[in-house]
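Trainee: Below: sequence and its predicted model.
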Amino acid sequence: MEYIFHILILVSIYGILALAQNLVMGGAGLLTIAGAAFYGIGAYAAAILATKFGFNIFTTLIIAPLVAGLIALMVGSTFARFRDDYFMLATLGFLMIFNTVVRNWESFTGGSYGIAGIPKPHVFGFVFDTPLSFVFLAVVVLLIVTAITYFISRSSFGRVLNAIREDEDALAIFGYKTSTYKLMAFSIGAALTAWGGVLFASYLTFIDSRLFTVNESILLWAMIILGGIARNRGALLGAFLLITVPEALRFIGFPVDFAALLRQCIYGLLLVFLMLYRPKGILGKYKL
Amino acid sequence: MKPLLELKNISAGYGEQKIIHDISLFINGGEIVALMGPNGAGKSTILKAIFGLISHTGALFYQEEKIIPTPSQIVKMGVAFVPQGRRVFNNLTVEENLEIGGFSLNDEEECRRRAKHLMHLFPALHAKKDAYAGTLSGGQQQLLSIARGLMMQPKLLLLDEPTLGLSPKVVKEIFQTIKDINKNQKTAILIVEHNLHSLLPITDRAYVLAHGKIVVSDTGPNIAKSDILERVFMGKI
């Protein structure tokens, strides 16, 4: 039973990450590899706030997205001039800078040793230390993120983001400053992604920089594209499938190391085959 | 009569390369004015310069006031641009496409009201109001693109090749629509077109361009009678 709870928690965390990054990638059509960086910023913010300052989970759930959102706002305002492939390269650069900083800023981030002993989330004397209680916490955050992304995709703001994805130049004709909209999508996406990081850090109670590399960003891409880009339901489905299906590999009896490598191969191959045979993903309406 | 829009010695282009040289022209309120000329003569470039999509040298006057336009400002001043190739948002519905055009109103209620009104004016769009724009026919997309341009109730509508790639029957309908807009809403129209035979009868005046310069300006019927277009299009000028 605990194993099922573990899977549910992972599905919820990745569901949050995929929904948040889908807002940027699917909603506004901005191909970003910075997903893992904002995931990491959320996780490090939670770890540092909890271990050094003893903050409870509610406080970190408020501060971490603000930190991630502000950083996104700063880097995003310089990225706004880039488009398409160049934007993607810029976000990759940002992720690499993030990784280098956390690996080397030992006094603050623990460097390559990471941060251990992150307390289990607690609030008003209640500790989320059983798997079931953590499932509850993760699912509540997931539901909030689902509600926010649903609301955004139905709003006029979401409509403008979709139009940017379709034809950014044509929007300028109606007086839109598209860079402002892109920046907002990028920052909101980063803030929501940080929530996934907060949950992840307090669930695992240990983080280091190797958990937030380009591999994680690509995994998020695979989830979003598999489920159907620009569909909130698709992001959730993608997260569910790409967490549960590789878990099944454990039961086939591969050695753990081999299974982990095989998983990376599956993600990579899946992206290639999706691009070839079903670029819209399972529930998607649009091609990348 | 004071012109609504006046260009004085406008030169513009892309980067170092100038496409139009020393263009001077004017449009009065409620007029239909055509820009004609072969490919590469600089017709679309003039529209883009007016709308501030590319920078220019020379002077631009709107209602006698000198302006250096940016798209967001000029939309609010009452100029709308219907770009070449329709440029509708394929994965948004017809209604959503219209509402996108009303952005500068900053009033969602009014935006929806105007979208409804325009769909009432163009029943073909009303019938498809929840359909994705990408599923419409070329003619319907062009209609949508024009209607989207009317969301701000402009005083001046810039139309860039509105009949490109459409069948003769649809071309006729589009020209009828343009004429109706001009007559009923008193919207001045500056139109770039290659369909000269359909266009000349509905225009008040026309400018003929070659190599980025204006070679003739006259009334529509006079240009239709003269051999200037033949000479320009045969490369004799």
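Mentor: Received the coordinates, thanks.

Trainee: C-alpha only now, for contacts and for neighbours.
Mentor: Noted.

Trainee: what kind of secondary structure is residue 76 in?
Mentor: Looking at chain A here, since you left the chain open. Secondary structure, DSSP: H, G, I helix; E, B strand; the rest coil: residue A:76 is helix.

Trainee: could you do chain B instead?
Mentor: Residue B:76 ends up helix, using three-state DSSP.

Trainee: ok, now the one 5 residues further on?
Mentor: The three-state label for residue B:81, taken from three-state DSSP, comes out as strand.

Trainee: and it, what are its bridge partners?
Mentor: Judged by DSSP bridges, the bridge partners of residue B:81 are residue B:158.

Trainee: For it, give me its contacts.
Mentor: Contacts for residue B:81 (C-alpha atoms under 8 Å, 6 or more residues apart in numbering or on different chains) come out as A:173, B:51, B:149, B:157-160.

Trainee: Could you count how many residues lie near residue A:124?
Mentor: Using other C-alpha atoms under 10 Å in any protein chain shown, residue A:124 is surrounded by 8 other residues.

Trainee: for residue B:38, same thing?
Mentor: The burial count assigned to residue B:38 is 18, neighbours taken as other C-alpha under 10 Å.

Trainee: which ones are touching it?
Mentor: Under the criterion of C-alpha under 8 Å, 6+ apart, the neighbours of residue B:38 are B:194, B:209-210, B:232-233.

Trainee: Kindly provide the distance from the spatially most central residue of chain B to residue B:218.
Mentor: Nearest to the mean C-alpha position of chain B, by C-alpha atoms, centre = their mean, lies residue B:159 at 1.6 Å. Applying C-alpha to C-alpha, to the nearest Å, the value for residue B:159 to residue B:218 is 20 Å.

Trainee: mind checking the longest helix of chain A?
Mentor: Ranked by residue count and defined by DSSP state H, the top helix of chain A is helix A:178-204.

Trainee: quick one: the helix or strand that that helix is followed by to chain centroid distance?
Mentor: As assigned by DSSP states H and E, the chain's next helix or strand after helix A:178-204 is helix A:214-227. Its chain's C-alpha centre and that of helix A:214-227 lie 9 Å apart, by C-alpha atoms, centre = their mean, to the nearest Å.

Trainee: Kindly report the same for stretch A:132-147.
Mentor: Averaging C-alpha positions (C-alpha atoms, centre = their mean) puts stretch A:132-147 15 Å from its chain's average.

Trainee: pLDDT of it, averaged?
Mentor: Mean pLDDT, stretch A:132-147: 95.

Trainee: Tell me which residue in chain A sits closest to chain B.
Mentor: With C-alpha to the nearest C-alpha as the measure, residue A:175 is the residue of chain A nearest to chain B, at 3.6 Å.

Trainee: Around that residue, count how many other residues there are.
Mentor: Neighbours of residue A:175 (other C-alpha under 10 Å): 21.

Trainee: Can I take it that it is in a helix?
Mentor: No. Counting by three-state DSSP, residue A:175 is not part of a helix but coil.

Trainee: contacting residues for it?
Mentor: B:71-73, B:75, B:103-104.

Trainee: farthest-separated two in the contacts of residue B:38?
Mentor: Within the contacts of residue B:38, B:194 and B:210 form the most distant pair, 13.4 Å apart (C-alpha to C-alpha).

Trainee: thought the residue nearest to the centre of chain B was touching residue B:190?
Mentor: Yes. Here residue B:159 reaches residue B:190: they are 6.2 Å apart, a contact under C-alpha atoms under 8 Å.

Trainee: Tell me where chain B has helices.
Mentor: Under DSSP H, chain B gives helices at B:43-51, B:71-77, B:94-101, B:108-121, B:123-126, B:138-149, B:168-185, B:196-199, B:220-225, B:228-233.

Trainee: so which of these comes closest to chain A?
Mentor: It's helix B:71-77; of the helices of chain B, that one is closest to chain A (C-alpha to the nearest C-alpha) at 3.6 Å.

Trainee: what's the closest one packed up against?
Mentor: Here helix B:71-77 touches no other helix or strand, going by 3 or more C-alpha pairs under 8 Å, 6 or more residues apart in numbering or on different chains; DSSP states H and E.

Trainee: tell me which of the contacts of residue A:175 is nearest to residue A:18?
Mentor: Of all the contacts of residue A:175, residue B:103 has the smallest distance to residue A:18: 29.8 Å, by C-alpha to C-alpha.

Trainee: Can you list the buried residues in stretch B:225-235?
Mentor: By 16 or more other C-alpha atoms under 10 Å in any protein chain shown, the buried positions in stretch B:225-235 come out as B:228-229, B:232.

Trainee: Kindly export it (C-alpha atoms) in PDB.
Mentor: Taking C-alpha atoms only, stretch B:225-235 is exported to PDB below (Å, rounded to 0.1, in the frame of the first residue of the first chain):
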ATOM      1  CA  LYS B 225      -9.300  54.300 -69.200                       C
ATOM      2  CA  SER B 226      -5.600  55.100 -69.600                       C
ATOM      3  CA  ASP B 227      -2.800  52.700 -70.600                       C
ATOM      4  CA  ILE B 228      -0.700  53.500 -67.500                       C
ATOM      5  CA  LEU B 229      -1.300  50.200 -65.800                       C
ATOM      6  CA  GLU B 230      -0.400  48.200 -68.900                       C
ATOM      7  CA  ARG B 231       2.800  50.100 -69.200                       C
ATOM      8  CA  VAL B 232       3.700  49.700 -65.600                       C
ATOM      9  CA  PHE B 233       2.900  46.000 -65.500                       C
ATOM     10  CA  MET B 234       4.700  45.300 -68.800                       C
ATOM     11  CA  GLY B 235       7.800  46.900 -67.200                       C
END
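
Trainee: hmm, back to that, would you format the contacts of residue A:175 as a markdown table with neighbour count and pLDDT included?
Mentor: What follows is the contacts of residue A:175, written out as a markdown table (neighbours: other C-alpha atoms under 10 Å in any protein chain shown; pLDDT from 0 to 100):
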| residue | neighbour count | pLDDT |
| --- | --- | --- |
| B:71 | 24 | 88 |
| B:72 | 18 | 87 |
| B:73 | 17 | 89 |
| B:75 | 27 | 91 |
| B:103 | 22 | 88 |
| B:104 | 17 | 86 |
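
Trainee: Would you mind measuring from residue B:153 to residue B:110?
Mentor: From residue B:153 to residue B:110 the distance is 12 Å (C-alpha to C-alpha).

Trainee: more crowded one of those two?
Mentor: Applying other C-alpha under 10 Å to residue B:153 and residue B:110 shows that residue B:153 carries more neighbours, namely 19 against 14.

Trainee: State the phi and psi torsions of the more buried one.
Mentor: phi 50, psi 60 (degrees, to the nearest 10).

Trainee: Need the pLDDT of it.
Mentor: Model confidence at residue B:153, given as pLDDT, is 92.

Trainee: Off-centre distance for the worst-scoring helix or strand of chain B on mean pLDDT?
Mentor: Lowest on mean pLDDT, DSSP states H and E among the helices and strands of chain B sits helix B:196-199, with a mean of 82. Its chain's C-alpha centre lies 15 Å from the corresponding centre of helix B:196-199 when counted by C-alpha atoms, centre = their mean.

Trainee: One more: stretch B:68-77?
Mentor: Here the centre of stretch B:68-77 is set off from its chain's centre by 15 Å, with C-alpha atoms, centre = their mean.

Trainee: Go ahead and confirm residue B:48 touches residue B:54.
Mentor: Yes. With contact defined as C-alpha under 8 Å, residue B:48 counts as touching residue B:54 (6.0 Å).

Trainee: Which one of those two is surrounded by more residues?
Mentor: Per other C-alpha under 10 Å, whichever of residue B:48 and residue B:54 has more neighbours is residue B:48, with 21 against 18.

Trainee: Stretch B:4-18 close to chain A?
Mentor: No. Applying C-alpha under 8 Å from any C-alpha of the partner chain, one finds stretch B:4-18 separated from chain A by no less than 15.8 Å.

Trainee: List the buried residues in that stretch.
Mentor: Applying a neighbour-count criterion of 16+ other C-alpha under 10 Å, the buried positions in stretch B:4-18 are B:4-7, B:9-13.
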